[in-house]
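Trainee: Fold the following for me, if possible:
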Amino acid sequence: EEEAIGLLDKVLEDEDVFLLEECELGTPTSPGSGSPFLVAVKVEAGKGLEMRKLVLSGFLASEEIYINQLEALLLPMKPLKATATTSQPVLTIQQIETIFYKIQDIYEIHKEFYDNLCPKVQQWDSQVTMGHLFQKLASQLGVYKAFVDNYKVALETAEKCSQSNNQFQKISEELKVKGPKDSKDSHTSVTMEALLYKPIDRVTRSTLVLHDLLKHTPVDHPDYPLLQDALRISQNFLSSINEDIDPRRTAVTTPKGETRQLVKDGFLVEVSESSRKLRHVFLFTDVLLCAKLKKTSAGKHQQYDCKWYIPLADLVFPSPEESEASPQVHPFPDHELEDMKMKISALKSEIQKEKANKGQSRAIERLKKKMFENEFLLLLNSPTIPFRIHNRNGKSYLFLLSSDYERSEWREAIQKLQKKDLQAFVLSSVELQVLTGSCFKLRTVHNIPVTSNKDDDESPGLYGFLHVIVHSAKGFKQSANLYCTLEVDSFGYFVSKAKTRVFRDTAEPKWDEEFEIELEGSQSLRILCYEKCYDKTKVNKDNNEIVDKIMGKGQIQLDPQTVETKNWHTDVIEMNGIKVEFSMKFTSRDMSLKRTPSKKQTGVFGVKISVVTKRERSKVPYIVRQCVEEVEKRGIEEVGIYRISGVATDIQALKAVFDANNKDILLMLSDMDINAIAGTLKLYFRELPEPLLTDRLYPAFMEGIALSDPAAKENCMMHLLRSLPDPNLITFLFLLEHLKRVAEKEPINKMSLHNLATVFGPTLLRPSEVESKAHVTSAADIWSHDVMAQVQVLLYYLQHPPISFAELKRNTLYFSTDV
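Mentor: Below you'll find the model as predicted:
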């Protein structure tokens, strides 16, 4: 405990530290016992108790510091009040009441809280309850609301009084804060401005502590509902004040003598000298600064290096047609990005396995490092949406983003600041140094957005499939051509995953389109509503440019409790006066990996392939031949064919028509969107009661693809094909030739053999439920390891010279048929 408090004391000297990660609050562990803080979700009573004590000890230490800070702030108040009524007042009563408004009340609330909590932590055991203390603290947040409402006036008054009164200036520049009981420092000097900010910081801090306490409190503990209630009150309070106050402290002053504040910061990919560089971009009140983190030797304070800056008075956004041709950046091939994602997923499950088996921490660190490297590459190479910025005095800059939502957030934040009366300026080298120096302290985004930067106990997000129906939208002022796109965070950053059709010339679009979106550690869903631009002059040379106008955008958290139900959950996102109605439901990856055994003998979906071909007297099922023919007729040049999901309602309609063997099939196929036809073909293979390459042979395919000797692999892989039942083999070879023809058009449709193998591999190989039970460890595990192998199997056959049924059968004589 003392070690925990000591650590906190040391770190709390830095005003920007909110919460120490629990894992840093280490207590000595016996060699080889493994860290006691890798707490399972179902909190083991002992460890949970220990964790709660550690969190509370740390919080108490910081609470003591906070009370000392409030005391230091109150210290000059009494003498100032005493002089206010004399002939030579330093401040008037009115000024004193404004500057020190509510400080006394806040001090008393926290002193009482501290005095009650301290003995409980000192006599800590499983019977101790303290939820009521936090609940009471949260119920007194009204005092903070009053403080926050007055905060700006208090600061301005203090500043004016400092300028007009030397005596007060001296007092406010050096307030003495008492050090904690056990610390060597008896006092530290802090400015009044810094101390007045502390209460705002404190609410955030208490909210984070409540999060941590809840994480380690069993649900049936009497404290749990009380802490939950306190957290709800605190979070509501925080979101209400975040609108009113900008909690970033000021950096340096602007040319007009106003304080320059940090408004927004984050990581963006910049194209510089034809290569991609990850930058940390800072938007201040009157300047945009692009920086990179300097490499520093261990133990040294990290610093930013300024690459360039533009005063907002000189910053313009070139329209696509004005912008010069973009510097040539070779887009990263899709299949390489897919490879990276596969690698990351595989590394993630290896890390989980190591942890589960209490593996060596060095091995885990090595895997984590490898995972970070892959995630960093993915983050750097996947963005394609251009965000151009131009300095009136010359230079243009290009960022690439993966999310149009983020691009518009940056653009809106800059435009909002540009509405003020801004002046152009040039920073002296000292000013630039001070400003860049302040970036490290002021930044709000501390880590590169990759999942390996997440802590073990942060929510891992959702893995599986989110079904979203975008119903309709209301609230447009006039008719327009409207569509929506959906973005989710995947591998730590946001990407666009789906797009509705354009609803023409309406103020009340009704799309009613359903999408299936694969989630990879996702925590949020964003919806953007656009007006389609049909003006040819605006369409730029750059393929990835989005010239359509964003009418509104909004996002919701994907809360596992709400989303993970069998039923649809309907919701409305409000954006900019527009309301978009949508429904969603989620299927976790373990559920989506199941093939459900079929009892039915009619129709074609979910029926054994041998039954269907026998009934139709065909070698390849009619549904496969028709869908393939239609895709080859008019979809072979469609960008992302087989990768982009068709509208789910269209796919269900086609499924019903094929199942009923309706005579209108051909007519319906010729009218249907090609992505829906491609989706129907994938669904047919996905719903087969056993995979096309069969359950029986699945383990052998997995072993065959892992062979290193090319000749042995060739022998084995061909022998496995021979071992398939005839309908399965003929259908597989038919599909193989079709996919090769699709890949021939890769320059146009962007679908390489690798992309197609990624889409179809699991669909054709993934074992059915009965089979897969034997090897299941965790959904994510079987997903990443097996999927990689399934993709490799299909890729092997796709890259193989043409394979004919007759050839294969002729060679049967030379091989045993046992697998």
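Trainee: State the number of residues packed around M551.
Mentor: M551 has 22 neighbours, counted by other Cβ atoms under 10 Å. No exception for glycine: its C-beta is placed from N, CA and C like everyone else's.
Trainee: Sorry, wrong one. I was asking about L117.
Mentor: L117 has 18 nearby residues by other Cβ under 10 Å.
Trainee: how does this protein divide up, domain by domain?
Mentor: 38-244, 251-331+384-453, 462-592, 596-811 (the TED database).
Trainee: Export those domains as TSV, with columns for mean pLDDT and distance to K341.
Mentor: Formatted as TSV, the domains of the chain follow (pLDDT from 0 to 100; distance: least, Cβ to Cβ, whole Å):
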stretch	mean pLDDT	distance to K341
domain 38-244	84	26
domain 251-331+384-453	85	11
domain 462-592	85	7
domain 596-811	87	9
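Trainee: Span of stretch 743-755 from start to end?
Mentor: One end of stretch 743-755 to the other measures 9 Å (Cα to Cα, to the nearest Å).
Trainee: and the domains of the chain as JSON lines, adding distance to L378?
Mentor: Shown next, in JSON lines, are the domains of the chain (distance: least, Cβ to Cβ, whole Å):
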{"stretch": "domain 38-244", "distance to L378": "26"}
{"stretch": "domain 251-331+384-453", "distance to L378": "8"}
{"stretch": "domain 462-592", "distance to L378": "6"}
{"stretch": "domain 596-811", "distance to L378": "15"}
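Trainee: Point out the one among those domains that comes closest to M340.
Mentor: domain 462-592 (8.8 Å; Cβ to Cβ).
Trainee: what about the closest one, distance to the chain center?
Mentor: The chain centre lies 16 Å from the centre of domain 462-592; the measure is Cα atoms, centre = their mean, to the nearest Å.
Trainee: Pull the contacting residues for V153.
Mentor: Counting by Cβ atoms under 8 Å, 6 or more residues apart in numbering, V153 makes contact with T98.
Trainee: Go ahead and list the helix or strand containing it.
Mentor: If you go by DSSP states H and E, V153 is part of helix 141-164.
Trainee: Run the chain-centre distance for that helix.
Mentor: 36 Å.
Trainee: buried residues in the longest helix along the chain?
Mentor: For the chain, the helix with the greatest residue count under DSSP state H is helix 45-74. Neighbour-count burial for helix 45-74 flags 48-74 (criterion: 16 or more other Cβ atoms under 10 Å).
Trainee: For it, enumerate the helices and strands it packs against.
Mentor: Under the contact criterion of 3 or more Cβ pairs under 8 Å, 6 or more residues apart in numbering; DSSP states H and E, helix 45-74 touches helix 2-12, helix 103-122, strand 175-178, helix 192-215.
Trainee: Could you pull out the strands in the stretch 251-400 of the chain for me?
Mentor: 259-272, 275-284, 287-293, 304-311, 315-316, 385-391, 396-401 (DSSP state E, counting those that start in this stretch).
Trainee: Just send those strands back as a markdown table, with distance to H335 too.
Mentor: Formatted as a markdown table, the strands of the stretch 251-400 of the chain follow (distance: least, Cβ to Cβ, whole Å):
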| stretch | distance to H335 |
| --- | --- |
| strand 259-272 | 20 |
| strand 275-284 | 18 |
| strand 287-293 | 30 |
| strand 304-311 | 32 |
| strand 315-316 | 38 |
| strand 385-391 | 21 |
| strand 396-401 | 19 |
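Trainee: I'd like those laid out as CSV, including mean neighbour count and distance to I556.
Mentor: Below are these laid out as CSV (neighbours: other Cβ atoms under 10 Å; distance: least, Cβ to Cβ, whole Å):
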stretch, mean neighbour count, distance to I556
strand 259-272, 18, 20
strand 275-284, 19, 25
strand 287-293, 21, 29
strand 304-311, 18, 33
strand 315-316, 18, 32
strand 385-391, 19, 22
strand 396-401, 20, 21
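Trainee: separation between R388 and T444?
Mentor: R388 sits 24 Å away from T444, taking Cβ to Cβ, to the nearest Å as the criterion.
Trainee: now E174
Mentor: Per Cβ to Cβ, E174 is found 29 Å from T444.
Trainee: do K358 as well
Mentor: For K358, the distance to T444 - Cβ to Cβ - is 36 Å.
Trainee: Also W511?
Mentor: W511 is 36 Å from T444, by Cβ to Cβ.
Trainee: more crowded one of the two?
Mentor: W511 (21 against 13).
Trainee: now that one, what's its secondary structure?
Mentor: Here W511 is recorded as strand under DSSP: H, G, I helix; E, B strand; the rest coil.
Trainee: Excluding covalently adjacent residues, which one is nearest to it?
Mentor: T500 (4.4 Å; Cβ to Cβ, 6 or more residues apart in numbering).
Trainee: what about the nearest residue to T191 once chain neighbours are set aside, neighbour count?
Mentor: Nearest-residue entry for T191: E173, 5.6 Å, with adjacent residues in sequence omitted and distances by Cβ to Cβ, 6+ apart. For E173, the neighbour count with other Cβ under 10 Å is 13.
Trainee: E173 and A194 touch, don't they?
Mentor: No: taking contacts as Cβ atoms under 8 Å, E173 lies outside contact range of A194: 10.3 Å.
Trainee: Pretty sure K585 sits in a helix.
Mentor: No: using three-state DSSP, the secondary structure at K585 is strand, not a helix.
Trainee: tell me which residues form a beta bridge with it?
Mentor: H467 (DSSP bridges).
Trainee: For P621, see how far away it is.
Mentor: The value you get for K585 to P621, if Cβ to Cβ is used, is 30 Å.
Trainee: With neighbour numbers in mind, choose between those two.
Mentor: Neighbours were counted for K585 and for P621 using other Cβ under 10 Å; P621 has more, 22 against 16.
Trainee: That one contacts T613, correct?
Mentor: Yes: if you go by Cβ under 8 Å, P621 and T613 touch, sitting 6.1 Å apart.
Trainee: what do the two both touch?
Mentor: By Cβ under 8 Å, 6+ apart, the residues touching both P621 and T613 are T731.
Trainee: quick one, helices of the stretch 401-550 of the chain?
Mentor: Residue ranges of the helices in the stretch 401-550 of the chain, as given by DSSP state H, counting those that start in this stretch, are 404-418, 429-442.
Trainee: got TSV for the ones you listed, with distance to A291 and mean neighbour count too?
Mentor: Converted to TSV, the helices of the stretch 401-550 of the chain look like this (distance: least, Cβ to Cβ, whole Å; neighbours: other Cβ atoms under 10 Å):
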stretch	distance to A291	mean neighbour count
helix 404-418	15	16
helix 429-442	6	16
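Trainee: export those to TSV and tack on distance to L133?
Mentor: Converted to TSV, the helices of the stretch 401-550 of the chain look like this (distance: least, Cβ to Cβ, whole Å):
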stretch	distance to L133
helix 404-418	39
helix 429-442	32
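Trainee: and K348, which of these is closest to it?
Mentor: With Cβ to Cβ as the measure, helix 404-418 is the member of those nearest K348 (24.4 Å).
Trainee: Compute the distance between the residue nearest to L337 when sequence neighbours are not counted and F376, please.
Mentor: Closest residue to L337 apart from its sequence neighbours, by Cβ to Cβ, 6+ apart: S382 at 5.6 Å. Distance of S382 to F376, given as Cβ to Cβ: 11 Å.
Trainee: which of the two has more neighbours?
Mentor: S382 (21 against 15).
Trainee: The more buried one: what's it in contact with?
Mentor: Per Cβ under 8 Å, 6+ apart, neighbours of S382: 332, 337, 402, 493, 495.
Trainee: Closest one to L667 out of these, please.
Mentor: The closest of these, once distances to L667 are taken by Cβ to Cβ, is V495, at 36.8 Å.
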